[in-house]
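Engineer: quick check, what structure comes out for this input:
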Amino acid sequence: MTVGSVLRRVGLSGPALQWVSLGSVGLSIGLWLRAKTVDQDERGNAERRAIFVGLWPSMIWVIGDSLKRETESRRARS
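Structural biologist: Numbers count the residues shown, from 1 in each chain. Presented below is the predicted three-dimensional model:
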């Protein structure tokens with residue numbers, strides 16, 4: 001059983017994961033803007049949280065792209 005088949009069984013598709021990737025960019029920006037509103041003691045932790053979430057989009061995009069390509073190649077073979 002491949003990761004792609006598990007993701008499809010759960011109901012995820014390549015384009016859906018690419019939308020999630022774009023959403024996580026927005027989440028990261030939102031967290032970063034929110035970090036500017038907290039007091040100085042909490043600001044470092046809030047900024048690190050925004051940076052951590054900012055690492056997700058590229059990984060999610062690549063997973064979605066590979067799932068999309070795998071689905072397209074299966075359709076071409078059929």
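Engineer: ok, residues contacting the helix or strand of the chain with the lowest mean pLDDT?
Structural biologist: Using mean pLDDT, DSSP states H and E, helix 3-10 stands out as the lowest-scoring helix or strand of the chain, at a mean of 82. Under the criterion C-beta atoms under 8 Å, 6 or more residues apart in numbering, residues 17, 63, 66, 67, 70, 71 lie in contact with helix 3-10. Placement of C-beta: from N, CA and C, glycine included.
Engineer: tell me the most packed of those residues, by neighbour count.
Structural biologist: residue 67 (22 neighbours; other C-beta atoms under 10 Å).
Engineer: that older thread, buried ones in the least confident helix or strand of the chain?
Structural biologist: Across helix 3-10, burial judged by 16 or more other C-beta atoms under 10 Å covers 4, 7, 8.
Engineer: also stretch 51-64?
Structural biologist: 53, 54, 56, 57, 60, 61, 63, 64.
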